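Novice: Model the structure of this input:
(2 chains)
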Amino acid sequence: AQTVTQSQPEMSVQEAETVTLSCTYDTSENNYYLFWYKQPPSRQMILVIRQEAYKQQNATENRFSVNFQKAAKSFSLKISDSQLGDTAMYFCAFMSYTGTASKLTFGTGTRLQVTL
Amino acid sequence: KAGVTQTPRYLIKTRGQQVTLSCSPISGHRSVSWYQQTPGQGLQFLFEYFSETQRNKGNFPGRFSGRQFSNSRSEMNVSTLELGDSALYLCASSFDGANNEKLFFGSGTQLSVL
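Specialist: A predicted model of the protein is given here:
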């Protein structure tokens, strides 16, 4: 079974600064997908970024980028130019390559607070 | 296009009762999955329905069940409620659940069991 670990329960960053959220995972599979989801107070889970394990290039989406280290089983999220609207819970998630899009294994989350 | 709609937003029940939660996926989406979110256990996969059939199931007792209708709307039922069933229940949909698809989540139903 896969496990996803987020070791930072809470983090804080000032507006316009950069912050990195950590995630490690454990799997015996070689092909898989990794995700970062954001859950604001509205409770709706929103996909931030997605990485295919077979791609060596790190995924980027505007101010969000990842540092994917497959050998180390590490998948960190960097948020640049932090904005107040980035305040939310952030979840790292794993999906087996042979699975369906619906079955994700989530980490315990990191609560990010962006301050003025 | 309307998003994933979950009803009701909040629900209060007492131990021993049963409850039914509803999820309407994005129009055209045929895969619906359910997750339970609690402070202690985090987010856990309950089950997935596709074309009215349960396709995947997580590790939950038989008190948790679901179904999907021909219009892809899904319901989740929990019987003989326990205090530990208090949680946010999230529903997500995708076109057919393929692993290269994006999941769209609803805002959840917050269930409190007293």
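Novice: The helix-or-strand element of chain B with minimal mean pLDDT packs against which elements?
Specialist: Least confident helix or strand, chain B: strand B:53-57 with a mean of 91, by mean pLDDT, DSSP states H and E. Helices and strands touching strand B:53-57, by 3 or more C-beta pairs under 8 Å, 6 or more residues apart in numbering or on different chains; DSSP states H and E, are strand B:42-50. Bear in mind the C-beta positions are built from the backbone N, C-alpha and C, glycine included.
Novice: What lies in contact with the strand it packs on?
Specialist: Under the criterion C-beta atoms under 8 Å, 6 or more residues apart in numbering or on different chains, residues A:91, A:100, A:102-109, B:30-38, B:54-60, B:64, B:66-68, B:74, B:76, B:89-90, B:96-97 lie in contact with strand B:42-50.
Novice: rerun at 6 Å
Specialist: Strand B:42-50 is touched from outside by A:102-103, A:106, A:108, B:30-37, B:54-58, B:60, B:66, B:68, B:74, B:97, with contacts defined as C-beta atoms under 6 Å, 6 or more residues apart in numbering or on different chains.
Novice: got the angle for it vs strand B:53-57?
Specialist: Between strand B:42-50 and strand B:53-57, the angle comes out at 150 degrees (axes from the mean of the first three to the mean of the last three C-alpha atoms, to 10 degrees).
Novice: now B:Ser74, nearest residue through space, not along the chain?
Specialist: Closest residue in space to B:Ser74, ignoring its immediate chain neighbours: B:Val32 at 4.1 Å, by C-beta to C-beta, 6 or more residues apart in numbering or on different chains.
Novice: re the thing from before, in the least confident helix or strand of chain B, which of the residues would be classed as buried?
Specialist: For strand B:53-57, a neighbour-count test (16 or more other C-beta atoms under 10 Å in any protein chain shown) marks B:Arg55, B:Asn56 as buried.
Novice: likewise stretch A:79-91?
Specialist: Within stretch A:79-91, the residues that count as buried by 16+ other C-beta under 10 Å are A:Ile79, A:Ser82, A:Asp86, A:Thr87, A:Ala88, A:Met89, A:Tyr90, A:Phe91.
Novice: Contacts (any at all) between chain B and that stretch?
Specialist: No: judged by C-beta under 6 Å from any C-beta of the partner chain, stretch A:79-91 makes no contact with chain B; its nearest approach is 6.7 Å.
Novice: Could you count how many residues lie near the nearest residue to A:Asn31 once chain neighbours are set aside?
Specialist: Spatial nearest neighbour of A:Asn31, chain neighbours left out: A:Tyr97 (3.7 Å); criterion: C-beta to C-beta, 6+ apart. Neighbours of A:Tyr97 under the rule other C-beta atoms under 10 Å in any protein chain shown: 14.
Novice: so what secondary structure elements neighbour the helix or strand following the least confident helix or strand of chain B?
Specialist: Toward the C-terminal end, the helix or strand that comes next after strand B:53-57 (DSSP states H and E) is strand B:64-68. Contact partners of strand B:64-68 among helices and strands, from 3 or more C-beta pairs under 6 Å, 6 or more residues apart in numbering or on different chains; DSSP states H and E: strand B:74-78.
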